[in-house]
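K.L.:
below are the sequence and a predicted model; questions follow.
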Amino acid sequence: MNRTSVLAAFALTIPPMMAVPGSATASTIAWRACGDTGAECGTVTVPVDWSHPDGRKLSLAVTRRKAAKARAGALLYNPGGPGTGAADLVRDWAPQFFSPRLRDRFDIVGIDPRGVGGSEQISCKMPVHDPEVTQFPSTRPEYERMVAHNKSVGQSCDPLIRHVDTVSAARDFDAVRAALGERKVSYLGRSYGSMLGTQYARLFPDRIRTMALDGVVDHGMPSRRMVVEAASAVEDSFDRFAAWCARTADCELHGRPVGKVWDALVQRAERHPLPVPGGRPLTAEELRYSVYAMLTLFPEFGQGLARGIAEADGNNASLLGQMRDQALYDPASTAAYRAILCQDIDPQVPDFRELRRREHLIRRRAPHMGGTSEFWDMTTGCIGWPVRPAAPQRPVHIRDAPPVLLVGNTHDPATPLAWAKSLSRGIRGSKVLAYDGDGHTAYLRNRCATTGIDNYLITGTLPTTDHRPDAGRRVR
């Protein structure tokens, strides 16, 4: 549910009431210098099973970059995924992921969640995706084959898959807070990081200084609503891309009916997978997922997406094949992605008939993209998973946390703006900052959204509805 970045600038003074609490104690983490940019790395030990704290332990990889100027506190960060860690990002890529203002004012702390990266990376002997197993079964045998595949994948994974739910990860983050010696922390979570932030706010509302969630997933939604609204969001983004090509002279599909070109390409791939020189041919399902992944990076990578479709139409799907291999077949990230989300998402699909009903619904909502979305992938991928979800969807009611800032794009293909609005109703005092734009998440993509997030994280003051918002930003 996340993969992108850029940057912004400036610094401001915070009121004394927002300074780091005086009761904070010294860090107990044994820091060591790491990387080439002045970062420090360490580990924090936590129980594998928080209900048995004296049992087996695991070590979390943690990286810190200290505030360059007047310190406002510690900022914990999660970039999304799940399956993406933050330790290496903070160590090596901080200027690409955080504005100068945040780097000036915060000790930025990157944590690899349990099962991810340096925190005992989940491994499975079978690949999560198999091009021979459809996620859009049209017959009962296809459905049963998909369910059997999911079960086999889960059974091939190491035992940690039973303990990678986001509630456990939130408890881990609080263990890091304590090890840092901080009474309260600030938090910035993008995409899946919003699910992690929501769980942290549920469990530890009094330990939050400020919290900004960008590209929001409302974990209180039932699965059916997730897949329907996600399908509509992806279709909207494809339509926006097609309209952009129509008015952009140097788009490689300019002057052609993009929707018709695309539909014909998908139909060709359904008959015969598209050729990828030097690689495995691209199936129709892989084609749609590859284009979805590139839509999350639109408009910055609009030219690349147009080129990929144009080249595939000319019988060379190399570019989209590379995106497929990254998005669907990286063994480390896809194993962690599937294991974590199957602990958090109950598919709520009792049988083939219910899945077919949903498939008909999403295809009507998304005639070009066929209902493709990450939430369809996680729903179908978790049917038959051998471990029951430990922290499935339930209504969100958070009343004792400080105000939370929820940020969404009006045309986000991965996390529709409606999800930020619905989650805001479950968090007392929260506010939605809406960026009128495309792509997945807003931070460092848009100056106004970046400034709003930075101001709030530093000062604790939410954007108000009293002033006329800047172009590209709407406060609700």
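P.N.:
Here it is on my side, so go on.

K.L.:
from now on I want contacts and neighbour counts done on CA atoms only, so please keep to that.
P.N.:
Noted.

K.L.:
ok, and the closest non-adjacent residue to Arg224?
P.N.:
Ranked by C-alpha to C-alpha, 6 or more residues apart in numbering and with sequence neighbours excluded, the top spatial neighbour of Arg224 is Arg358, at 7.2 Å.

K.L.:
helix or strand for that neighbour, which one?
P.N.:
If you go by DSSP states H and E, Arg358 is part of helix 352-365.

K.L.:
now do Leu319 against Gly279, distance only.
P.N.:
With distances taken as C-alpha to C-alpha, to the nearest Å, Leu319 is found 11 Å from Gly279.

K.L.:
same question, Thr334
P.N.:
Plainly put, Thr334 is 20 Å away from Gly279 if you go by C-alpha to C-alpha.

K.L.:
now do Gly220
P.N.:
Applying C-alpha to C-alpha to Gly220 and Gly279 gives a distance of 41 Å.

K.L.:
biggest helix in the protein, by residue count?
P.N.:
helix 223-247 (DSSP state H).

K.L.:
would you confirm that Thr28 contacts Val176?
P.N.:
No. In this structure Thr28 lies outside contact range of Val176 using C-alpha atoms under 8 Å: 9.6 Å.

K.L.:
in terms of neighbours, single out the busier of those two.
P.N.:
Remark: of Thr28 and Val176, Val176 carries more neighbours, 24 against 14, as counted by other C-alpha atoms under 10 Å.

K.L.:
how about the more buried one, nearest residue that isn't a chain neighbour?
P.N.:
Val44 is the one closest to Val176 (C-alpha to C-alpha, 6+ apart), at 6.4 Å.

K.L.:
and Val153, by the same measure?
P.N.:
The shortest distance from Val153 to any non-neighbouring residue, by C-alpha to C-alpha, 6+ apart, is to Met126 (5.4 Å).

K.L.:
just to revisit the earlier point, looking at Leu319 and Gly279 now, which is surrounded by more residues?
P.N.:
The residue with more neighbours, out of Leu319 and Gly279, is Leu319; 17 against 12, by other C-alpha under 10 Å.

K.L.:
thinking the more buried one is in contact with Gly308, fair?
P.N.:
Yes. Using C-alpha under 8 Å, Leu319 is in contact with Gly308, at 5.4 Å.

K.L.:
what about dumping the CA coordinates of stretch 230-239 to PDB?
P.N.:
Provided in PDB are the C-alpha atoms of stretch 230-239 (Å, rounded to 0.1, in the frame of the first residue of the first chain):
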ATOM      1  CA  ALA A 230     -10.800   0.200  -3.900                       C
ATOM      2  CA  ALA A 231     -11.900  -1.100  -7.300                       C
ATOM      3  CA  SER A 232     -13.600   2.300  -8.000                       C
ATOM      4  CA  ALA A 233     -10.500   4.200  -6.900                       C
ATOM      5  CA  VAL A 234      -8.300   2.300  -9.300                       C
ATOM      6  CA  GLU A 235     -10.700   2.800 -12.200                       C
ATOM      7  CA  ASP A 236     -10.800   6.500 -11.400                       C
ATOM      8  CA  SER A 237      -7.000   6.700 -11.500                       C
ATOM      9  CA  PHE A 238      -6.900   4.900 -14.800                       C
ATOM     10  CA  ASP A 239      -9.500   7.300 -16.300                       C
END
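
K.L.:
show me the contact partners of that stretch.
P.N.:
Here stretch 230-239 makes contact (C-alpha atoms under 8 Å, 6 or more residues apart in numbering) with 259, 292, 295, 362, 365-375, 411-416, 438-439.

K.L.:
mind checking which of the residues you listed are in strands?
P.N.:
Mapping those onto strands (DSSP state E) picks out 411, 438.

K.L.:
show me the domain layout of the protein.
P.N.:
What automatic domain parsing lists as the domains of the chain is 30-120+161-220+395-475, 228-382.

K.L.:
just the endpoints, please. Distance across the shortest one?
P.N.:
Start to finish, the residues bounding domain 228-382 are 17 Å apart (C-alpha to C-alpha).
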